[in-house]
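K.L.:
coords please:
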Amino acid sequence: MRKKRQNMTRLSLVACSLLALLACSTMALADGLQAWLDRAQVGEGQAVELYLMAPADAAGEPELSPLRKDFDIKNIEQVTHMQVLSGRPSPTRTWQLTLTPKHPGRLTVPALRVGQVSSAPLSLEVLPAVQLSANRVLRDVMLQTDVSQQQPFVQGMVIYTLRLYTRLDLRRVHFSEPEVLGAIVERLGEDRKYNTYFGRYRYHVLQRRFALFPQRSGRLSVISPLLNAQVREKKSQWPLQLRGPEITLDVQPQPDASLDPWLPAESLGLSETWSADPPEFRVGEPVKRSIVITAQGVAPAQLPDLPAAAPQGIKLYPERPVSTTQAADNTLVTRKVFNHALVADRPGNYRLPEISLTWWDTATGQRRTAALAARDIVALPGAGPDEAETQPGNAGIPLPEIDLGAWWQSVRSGWQGGNSTWAWVILSGAVAWLLMVILWWRRRHSREPVSSPQAAPPESQPPPAAGAAFGRFQRACKQGDPHLAREALIEWSAATWPDDPPQRLGRLAERLPPQATDHLAAIDRALYAPSDETWDGTGTLAALQPLLEDAAKAQGVGQAKQALPPLYSG
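P.N.:
Numbering: from 1, shown residues only. The predicted model follows:
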């Protein structure tokens, strides 16, 4: 494959050489070294081919350092072949150099030397990119650029559009990004391809869009992306580089009437969703809330974090915010999602505060505020005994209340007034009430447990073993399992405070020194608000063990009964 390619290259070079010998306008002869260009006019960023042909007796390689002043040398190839002059064979060497002009204007390819022979200078006209696109001097390939606005606000969005018009067969097309100092550049959607006409010429069009976010006010230059491609013509290919016209933005400063933080946008809104709608709060049970900022014309890095606030009695476990972007029509839609887990610490009525975000409307030039109204919630008691007020002895038939004085006055007035029927009715009611009292008394006493050696009442069951519970807590911490650690602590609390056991870690923290609060809250965060951070079980165990031992002693739980295992048992 490589040999075939080399042969094709040699044949093309030979053909070019023969044609060059006939075209005296583009070739110069000087002391045996011939030099010519494949064309006399190119656009800014386009490549041009320079050919050098020297006789075989010209020793050495071309001295190319004079070229580097105005040209970048992209590629060099060399071919040796036979040429017949005056009926006699004459070996020659030919070099093909791919050059890219460094700037527009009328450039000179300087005289070059190979050994003792040198070439004559050549002239090349390099048209500016603006002239190339506007006047379409080179009709085969054009690059055009435009922006949605010339005077954006600082940090406001500018849509930058690049269009490639071509009538050539381009291969391996690649664009760089726009070069802007002091701006954030975001790719906006996928490329769009279509066909259009300029006059009687039909062009294939490739359109690419970018979102620019200037980060400082003043004049800002946007340098067009650089096109790199291969042009395929018949059986040959040649490289193409092209850059579109430069655009200057006049970035306006932040208006005086705006607030801090400065957030310019085309539109912005706040919304919320709950794990259940409407949300139902119960003590100790997490409820998930998601708050979403949706903005148009805003870069992801520009959206601020929302304050995480909750009233006293509601614990908040925030997750890490997640940002996404999506191109829609002629704008950029950015969403930032804040997920929280809210856990009620005790029953009651609460108000979640209003959440607001002030932004600048770039369409109307006005300050606006997006807000989520305050929400009133009711936290119901949880299912645990810590919340349900159970009072044994209340069950059964309630004792009816009766006013004995009023009852006896009604009986006497019935007999004295001669209304004996009414008196007998009242007396019958009294007898019925007395029977109800007797039944209530018998039913209540029949519910009292009878002592039996086979079955002890629940109140007489021994409390959970504190030492065993703490052993499970130790293992859970060493294994990094916050769920099992929480369960073990609740069991340990029931053994330490059997008459009033805390059913949640928040209640347990109220009975321990303040330094235990953060470690217990970290366990809840690991359960209710999981994140990339790893729960430090070993550190939690080291911090809590002395505090738990002191609490056990304060409650009169002996060491033999408590039997806390050592922190680092073998």
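
K.L.:
Buried residues, the helix or strand in which residue 144 is found. List them.
P.N.:
Residue 144 belongs to strand 141-147 when elements are defined using DSSP states H and E. Applying a neighbour-count criterion of 16 or more other C-beta atoms under 10 Å, one finds 141-145, 147 buried in strand 141-147. (Each C-beta comes from the backbone N, C-alpha and C, glycine too.)

K.L.:
Which strands or helices does that strand pack on?
P.N.:
helix 129-134, strand 158-166, strand 236-243, strand 247-251 (3 or more C-beta pairs under 8 Å, 6 or more residues apart in numbering; DSSP states H and E).

K.L.:
List the buried residues in stretch 301-314.
P.N.:
302-303, 306, 310, 314.

K.L.:
Need those in JSON lines (columns: pLDDT and secondary structure).
P.N.:
Below are those laid out as JSON lines (pLDDT from 0 to 100; DSSP: H, G, I helix; E, B strand; the rest coil):
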{"residue": "302", "pLDDT": "90", "secondary structure": "helix"}
{"residue": "303", "pLDDT": "92", "secondary structure": "coil"}
{"residue": "306", "pLDDT": "90", "secondary structure": "coil"}
{"residue": "310", "pLDDT": "88", "secondary structure": "coil"}
{"residue": "314", "pLDDT": "90", "secondary structure": "strand"}
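
K.L.:
Pick out whichever of these sits closest to residue 285.
P.N.:
residue 314 (12.1 Å; C-beta to C-beta).

K.L.:
which residues sit in contact with the closest one?
P.N.:
Residues near residue 314 by C-beta atoms under 8 Å, 6 or more residues apart in numbering: 342-345, 350, 352, 379.

K.L.:
okay, who's weakest in the residues you listed by pLDDT?
P.N.:
When these are compared on pLDDT, residue 345 comes out lowest, with 87.

K.L.:
my guess is that one meets residue 502, correct?
P.N.:
No. Residue 345 is not in contact with residue 502 according to C-beta atoms under 8 Å; the separation is 11.2 Å.

K.L.:
can you list the domain ranges for this protein.
P.N.:
According to automatic domain parsing, the chain is divided into the following domains: 2-126, 130-251, 266-380, 463-562.

K.L.:
can I get those domains in JSON lines with distance to residue 436?
P.N.:
Listed next are those as JSON lines, based on distance: least, C-beta to C-beta, whole Å:
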{"stretch": "domain 2-126", "distance to residue 436": "105"}
{"stretch": "domain 130-251", "distance to residue 436": "80"}
{"stretch": "domain 266-380", "distance to residue 436": "35"}
{"stretch": "domain 463-562", "distance to residue 436": "35"}
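
K.L.:
weakest of these by average pLDDT?
P.N.:
domain 2-126 (a mean of 74).

K.L.:
before we move on, the earlier item: the strand holding residue 144: partners in the sheet, and parallel or antiparallel?
P.N.:
strand 158-166 (antiparallel) (DSSP bridges).

K.L.:
Now do the partner strand: everything it contacts.
P.N.:
Contacts for strand 158-166 (C-beta under 8 Å, 6+ apart): 140-149, 152, 173, 175, 178, 188, 196, 198, 203-214, 222, 224-225, 227, 244, 247, 249, 330-331.

K.L.:
got the buried residues for it?
P.N.:
Buried residues in strand 158-166 (16+ other C-beta under 10 Å): 158-166.

K.L.:
Throw the residues you listed into JSON lines and include distance to residue 474, thanks.
P.N.:
Shown next, in JSON lines, are the buried residues of strand 158-166 (distance: C-beta to C-beta, whole Å):
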{"residue": "158", "distance to residue 474": "60"}
{"residue": "159", "distance to residue 474": "60"}
{"residue": "160", "distance to residue 474": "61"}
{"residue": "161", "distance to residue 474": "64"}
{"residue": "162", "distance to residue 474": "64"}
{"residue": "163", "distance to residue 474": "68"}
{"residue": "164", "distance to residue 474": "68"}
{"residue": "165", "distance to residue 474": "73"}
{"residue": "166", "distance to residue 474": "72"}
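
K.L.:
Out of those, flag the one nearest to residue 52.
P.N.:
residue 166 (30.3 Å).

K.L.:
so how far is residue 524 from that closest one?
P.N.:
As defined by C-beta to C-beta, to the nearest Å, residue 166 lies at a distance of 62 Å from residue 524.

K.L.:
Equivalent analysis for residue 279, please.
P.N.:
Distance from residue 279 to residue 524, by C-beta to C-beta: 19 Å.

K.L.:
re earlier: list only those of the contacts of strand 158-166 flagged as buried.
P.N.:
Looks like the contacts of strand 158-166 have 140-145, 147-148, 152, 175, 178, 188, 203, 206, 208-214, 222, 224-225, 227, 244, 247, 249, 331 buried, using 16+ other C-beta under 10 Å.

K.L.:
and the closest residue to residue 247 other than its chain neighbours, what element?
P.N.:
Leaving aside its sequence neighbours, residue 247 sits nearest to residue 222 (C-beta to C-beta, 6 or more residues apart in numbering; 4.6 Å). Counting by DSSP H and E, the element that carries residue 222 is strand 218-222.

K.L.:
Identify each buried residue in that strand, please.
P.N.:
In strand 218-222, counting by 16+ other C-beta under 10 Å, buried: 220, 222.

K.L.:
Tell me the helices and strands packed up against it.
P.N.:
Against strand 218-222 (3+ C-beta pairs under 8 Å, 6+ apart) you get strand 247-251.

K.L.:
Is it correct that residue 466 is in contact with residue 555?
P.N.:
No. Using C-beta under 8 Å, residue 466 is not in contact with residue 555, being 9.7 Å away.

K.L.:
Among these two, which residue is more densely surrounded?
P.N.:
Ranked by neighbour count (other C-beta atoms under 10 Å), residue 466 and residue 555 place residue 466 first, with 23 against 14.

K.L.:
Would you quantify the distance from the closest residue to the more buried one other than its chain neighbours to residue 125?
P.N.:
Nearest non-adjacent residue to residue 466, counting by C-beta to C-beta, 6+ apart: residue 495, 3.7 Å away. Residue 495 sits 95 Å away from residue 125, going by C-beta to C-beta.

K.L.:
neighbour-wise, which of these two wins?
P.N.:
Using other C-beta under 10 Å as the criterion, residue 495 and residue 125 rank with residue 495 on top: 22 against 15.

K.L.:
Within the helices and strands, which one has that one?
P.N.:
Counting by DSSP H and E, residue 495 is part of helix 482-496.

K.L.:
In terms of secondary structure, what does that helix contact?
P.N.:
helix 466-479, helix 505-510, helix 515-528, helix 537-554.

K.L.:
in that helix, what's buried?
P.N.:
So helix 482-496, judged by 16+ other C-beta under 10 Å, has buried residues 482, 484-486, 488-496.

K.L.:
want to try a markdown table for those residues, with distance to residue 47 as columns?
P.N.:
As requested, the buried residues of helix 482-496 are exported to a markdown table (distance: C-beta to C-beta, whole Å):
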| residue | distance to residue 47 |
| --- | --- |
| 482 | 64 |
| 484 | 69 |
| 485 | 68 |
| 486 | 69 |
| 488 | 74 |
| 489 | 74 |
| 490 | 76 |
| 491 | 78 |
| 492 | 79 |
| 493 | 79 |
| 494 | 82 |
| 495 | 84 |
| 496 | 83 |
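
K.L.:
Residue 325 is in what secondary structure piece?
P.N.:
Per DSSP H and E: strand 322-328 holds residue 325.

K.L.:
Partner strands of the helix or strand following that strand and their direction?
P.N.:
Proceeding N to C from strand 322-328, the next assigned helix or strand is strand 331-344, under DSSP H and E. Applying DSSP bridges, strand 331-344 is found paired with strand 286-296 (antiparallel), strand 314-318 (antiparallel), strand 322-328 (antiparallel).

K.L.:
Buried residues, strand 331-344. List them.
P.N.:
331-336, 338-344.

K.L.:
neighbour-wise, which of residue 279 and residue 524 wins?
P.N.:
residue 524 (21 against 15).
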